[in-house]
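In: Here's my sequence, what's the structure:
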Amino acid sequence: MSETRDSEQPPYPRPPGIDIRIARPDELGSIGELTAAIYVAAGFISPDSSYIRRLRDAVSRAREAELLVATYNGEPTGTVTYCRHGSPWAQLTVPGEAEFRMLAVVPASRGLGLGDAMVRYCIARAREDRCDTLRLSTEPVMHAAHRIYRRLGFVRTPERDWQPQPGVELLTYALAL
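Out: This next block holds a predicted model:
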């Protein structure tokens with residue numbers, strides 16, 4: 001998505017005070033740390049998990065996918081990575097599909113509509129890319145996120161559920177575009 005699009009009106013409603021844009025190079029270190037801290041604080045991963053390194057690697061996500069940052073009243077409060085098929089960060093896609101990963105919202109900012117807005121942004125991006133499906137993986141304990149996905153029309157695709165490592169179960173959802 002081009003830089004000029006960041007200032008255009010979004011193709012969906014956003015709650016007041018929320019902006020979503022491509023992360024700037026000077027923000028990548030702090031976004032990586034923010035993502036890792038949110039996942040640890042929420043109990044989704046342990047602080048010594050090998051996945052921490054991937055969560056912190058915002059530089060690679062920005063280079064090889066689209067690293068988005070959500071702000072509330074100008075403060076970074078969330079992030080998500082949008083991946084087209086073929087990106088090294090895409091785990092589930094086939095040609096004609098996109099996915100998003102590593103959706104994270106600062107705990108103090110939950111309930112403001114940031115997660116919903118970031119998912120809607122990804123839906124709009126997938127449509128802009130002329131994808132026919134948008135996919136995602138999620139942990140079974142991420143109940144608030146599951147509610148957002150279902151409300152926005154995503155359906156469970158249990159035939160695509162998978163384990164990135166032993167003991168880590170991921171559920172999958174898809175949205176036909």
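In: Each with direction, which strands does the worst-scoring helix or strand of the chain on mean pLDDT pair with?
Out: For the chain, using mean pLDDT, DSSP states H and E, the weakest element among its helices and strands is strand 162-165, scoring a mean of 89. Paired with strand 162-165 in the same sheet, following DSSP bridges, are strand 168-176 (antiparallel).
In: Output the strand it pairs with in CSV, but only the C-alpha positions, please.
Out: This file holds the C-alpha atoms of strand 168-176, laid out as CSV (Å, rounded to 0.1, in the frame of the first residue of the first chain):
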residue,chain,number,x,y,z
VAL,A,168,1.4,-25.4,20.0
GLU,A,169,-2.0,-25.8,18.3
LEU,A,170,-3.2,-23.1,15.9
LEU,A,171,-6.8,-22.8,14.7
THR,A,172,-7.4,-21.3,11.2
TYR,A,173,-10.1,-19.0,9.8
ALA,A,174,-10.8,-17.8,6.3
LEU,A,175,-12.9,-15.0,4.8
ALA,A,176,-14.1,-15.4,1.2
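In: to the chain's geometric centre, what's the distance from it?
Out: Taking CA atoms, centre = their mean, to the nearest Å, one finds the center of strand 168-176 at 13 Å from the center of the full chain.
In: Check stretch 160-167 too.
Out: Between the mean C-alpha position of stretch 160-167 and that of its chain there is a distance of 19 Å (CA atoms, centre = their mean).
In: still on that earlier bit, may I see the buried residues of the least confident helix or strand of the chain?
Out: With burial defined by 16 or more other CB atoms under 10 Å, not one residue of strand 162-165 is counted as buried. (Glycine included, C-beta is placed from N, CA and C.)
In: With stretch 35-46 instead?
Out: Burial within stretch 35-46, assessed by neighbour count using 16+ other CB under 10 Å, is assigned to T35, A36, A37, I38, Y39, V40, A42, F44, I45.
In: So which of these is the closest to I18?
Out: When the buried residues of stretch 35-46 are compared for distance to I18 (CB to CB), I38 wins out at 16.8 Å.
In: What does the pLDDT read for the closest one?
Out: The confidence metric pLDDT takes the value 92 at I38.
In: check contacts around N73.
Out: The neighbours of N73, taking CB atoms under 8 Å, 6 or more residues apart in numbering as the test, are G17.
In: For it, give its distance to R125.
Out: Going from N73 to R125 by CB to CB, to the nearest Å gives 24 Å.
In: still on that earlier bit, include distance to A98 and secondary structure when you put the buried residues of stretch 35-46 into CSV, please.
Out: As requested, the buried residues of stretch 35-46 are arranged in CSV below (distance: CB to CB, whole Å; DSSP: H, G, I helix; E, B strand; the rest coil):
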residue, distance to A98, secondary structure
T35, 19, helix
A36, 24, helix
A37, 26, helix
I38, 23, helix
Y39, 22, helix
V40, 27, helix
A42, 25, coil
F44, 23, coil
I45, 24, coil
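In: Before I go, just wanted to say thanks for your time.
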